[in-house]
Structure formats: C-alpha cells, structure tokens
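**Student:** coordinates only, sequence not included:
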C-alpha cells in the first residue's frame, strides 16, 4: 500500500507537468489572398483580350505552350488569328461576365463576351457578339497563364 501511495503523487505530478505544457504549434499554411489572385488572373485576361486585335504575339504570350484552344494547339490558334486579321476581321470590346477562382487559389476561369468586328471601307463594323471562357492556371513561378480557351 505504501508503494501505491508513493506512485500516485508521482503520477499526478507528471500529469500536471506534461498536461500544462503548451502543445507544439503547428505551422499553418498562409491563406490564399483570393482577391489579389483574382486581380492577377484578370490582368492576364486583359492582356490576352486587348492585345488580340493589336499584337497577336503579346496576346499569345499569355497562353501556356500546351494550351488547348477551340482551334487546336497554340500555333494553330495564333495562325488562325493572324489570318483573320489579314482579312480585316477581329474581336474587341471584351466584357467580363464572371470570374471565379478555386479555393486553393491556383486555378480559375473568366467568362466573357466580345464583339466580332470587320473593317469595311476603313470603318469598323460590328458583325455580331460572341461568348467564351478561358481557364487560367497559376504557374510554378507565380504568374498566371491561360491553359484553355
């Protein structure tokens, strides 16, 4: 019985000592700044959209090398856009309809509308309205690129 009486206080002291210690703090992942990442993705969209009618190569720089487009691969898409431009046909007046970013902050999409424009006798004539969606992915270097359109 004496041994039990000696062990019990030791157990209580040990429980008290280790129970009152602060647990190791677990490093938390920094929260994704959704607003900042959305703005960064939006900037890529505007470079793509605004320069598509002016500078096809600059617009193409917003695409990944393995982008999937409605015309096939990147090279085919760029050639198709250049061909349309040479015939006086292009798109402009882009307007963002919806922009969404994943909770992890590394992927998102932009839904938008635009006008089909054709140059006729030196004047721009709107020939119709179009809609499209681009999918963007954050690259390893922290930049945003278009991976599908």
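**Tutor:** Arrived safely, thanks for sending. Since the model is a prediction, treat every value here as computed from it, not as a measurement. Numbers count the residues shown, from 1 in each chain.

**Student:** Does residue 116 touch residue 131 like I think?
**Tutor:** No: shown here, residue 116 and residue 131 do not form a contact pair, counting by Cβ atoms under 8 Å, at 11.3 Å. Just so you know, the C-beta spots here come from the backbone N, C-alpha and C atoms, and that holds for glycine as well.

**Student:** Which of the two has more residues huddled nearby?
**Tutor:** Counted by other Cβ atoms under 10 Å, residue 116 and residue 131 do not tie: residue 116 has more neighbours, with 16 against 10.

**Student:** What average pLDDT does the helix or strand the more buried one falls within get?
**Tutor:** Using DSSP states H and E, residue 116 sits within strand 107-120. Per-region confidence: strand 107-120 scores 93 on mean pLDDT.

**Student:** Bridge partners for residue 112, pull those for me.
**Tutor:** On the basis of DSSP bridges, residue 112 is bridged to residue 96, residue 132.

**Student:** Enumerate every residue touching residue 138.
**Tutor:** By Cβ atoms under 8 Å, 6 or more residues apart in numbering, residue 138 lies in contact with 37, 105-107, 144.

**Student:** For it, give its distance to residue 35.
**Tutor:** For residue 138, the distance to residue 35 (Cβ to Cβ, to the nearest Å) stands at 15 Å.

**Student:** swap in residue 65?
**Tutor:** 29 Å.

**Student:** which secondary structure elements does the helix or strand containing residue 145 contact?
**Tutor:** For residue 145, the enclosing helix or strand under DSSP H and E is strand 144-148. Under the contact criterion of 3 or more Cβ pairs under 8 Å, 6 or more residues apart in numbering; DSSP states H and E, strand 144-148 touches helix 34-52, strand 63-68, strand 123-138.

**Student:** between the ones you listed, which one is nearest to residue 88?
**Tutor:** strand 123-138 (9.3 Å; Cβ to Cβ).

**Student:** Can you give me the buried ones in that closest one?
**Tutor:** By 16 or more other Cβ atoms under 10 Å, the buried positions in strand 123-138 come out as 134, 136-138.

**Student:** what's the answer for stretch 141-149, then?
**Tutor:** 144-147, 149.

**Student:** quick one: that stretch to chain centroid distance?
**Tutor:** 6 Å (Cα atoms, centre = their mean, to the nearest Å).

**Student:** how long is it end to end?
**Tutor:** Counting by Cα to Cα, to the nearest Å, the length from the leading to the trailing residue of stretch 141-149 is 22 Å.
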